[in-house]
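> Show me how the following folds:
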Amino acid sequence: MIKGRRVQASLNEGTVGMSLTIDGLRKRFGEVQALDGVSFQVRPGEVFGFLGANGAGKTTTMRIVLGFLRPDDGTVTWNQLPAASWPRRIWGYMPEERGLYLRMPVLDQLVYFASLYGVPRATARRDALQWLARFRIEDYADRKAESLSKGNQQKVQYIARSCTTPTSSSWTNRSRALTPSTSRSSSRRSWRCASAARP
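Now for the predicted structure:
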């Protein structure tokens, strides 16, 4: 269970201009208190590490941030407005488990995922091909996801998140199946995006 006591004290200090503010989240599943007053802030351009043991409530917190779950108490705001009121395209989320259509060609599903966020199909196709080349898996564009290794599936998952050009990105154990070089590449891009977002 994640508790927010250690970060609660600073919550009201300088909140103007914060990208993401999580204030007093509480969530219970039956007898299990998953979250107990979780509070923290993520500023524009900041790379923020959200750590905890298995079952601590990290995924529950992220599901509340993304609007998949409702908290029993507490709020999530993005630039001082309820996070749920912002377009989904501003969020990029990469869970540990891959959410790919295993029998669908890689390029087709990258275009499809981007189109769900309002990206024109021609733009999505161009960007997807560029990302595939960047990760050196352009030869896999027409292959079904089920034929790829776990590491290459994770690369496709990362590309699917990136093709929607999100304003805010979050990962859950994102590097577990990535090779060191791929993990470094994705991390460098994240740092560049964060630097560009800083006021």
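> The chain - how does it break down into domains?
Split into domains by automatic domain parsing, the chain comes to 2-86, 89-182.
> I'd like those domains as TSV, with mean pLDDT and mean neighbour count appended.
Heads up, the C-betas are built off the backbone N, CA and C, glycines and all. Putting the domains of the chain into TSV (pLDDT from 0 to 100; neighbours: other C-beta atoms under 10 Å) gives the following:
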stretch	mean pLDDT	mean neighbour count
domain 2-86	78	15
domain 89-182	79	17
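> Could you find the closest non-adjacent residue to Lys26?
No, residue 26 isn't Lys; it's Arg. Spatial nearest neighbour of Arg26, excluding adjacent residues (C-beta to C-beta, 6 or more residues apart in numbering): Asp73 at 4.2 Å.
> mind listing what that neighbour touches?
24-26 (C-beta atoms under 8 Å, 6 or more residues apart in numbering).
> Which ones among the residues you listed map onto strands?
Counting by DSSP state E, these place 24-26 in strands.
> can you give me the strands for the protein?
Counting by DSSP E, the strands of the chain are 2-3, 20-29, 32-42, 73-78, 81-82, 91-94, 168-171.
> So which of these is nearest Gln154?
When the strands of the chain are compared by C-beta to C-beta, strand 91-94 sits nearest Gln154, at 8.5 Å.
> where's Gly52 relative to Asp36, distance?
According to C-beta to C-beta, to the nearest Å, Gly52 and Asp36 sit 12 Å apart.
> Minimum distance to Asn152: which of the strands of the chain has it?
Closest to Asn152 of the strands of the chain is strand 91-94 (C-beta to C-beta; 14.7 Å).
> Glu138 and Leu129 touch, don't they?
Yes - assessed by C-beta atoms under 8 Å, Glu138 is found in contact with Leu129 at 6.7 Å.
> Go ahead and confirm Lys58 touches Phe50.
Yes - with contact defined as C-beta under 8 Å, Lys58 reaches Phe50; the gap is 5.8 Å.
> if I pick the residue lying closest to Glu146 once chain neighbours are set aside, what's in contact with it?
Spatial nearest neighbour of Glu146, chain neighbours left out: Leu102 (3.8 Å); criterion: C-beta to C-beta, 6+ apart. By C-beta under 8 Å, 6+ apart, Leu102 lies in contact with 144-146.
> Between the residues you listed, which sits nearest Leu69?
Top of the list for closeness to Leu69, among these and by C-beta to C-beta, is Ala145 at 27.0 Å.
> Quick check: that closest one vs Tyr101, distance?
Distance, Ala145 to Tyr101, using C-beta to C-beta: 7 Å.
> Now do the shared contacts for these two.
Gln109.
> can you give me the helices for this structure?
Taking DSSP state H as the test, the helices found in the chain are 5-8, 58-65, 106-116, 121-134, 150-162, 180-197.
> and the gap between Asn152 and Arg63?
Distance from Asn152 to Arg63, by C-beta to C-beta: 27 Å.
> ok, Met104 - contacts?
With contact taken as C-beta under 8 Å, 6+ apart, Met104 is in contact with 112, 144-145.
> quick one: which of those is nearest to Phe68?
Minimum distance to Phe68 across these is 20.0 Å, recorded for Tyr112 (C-beta to C-beta).
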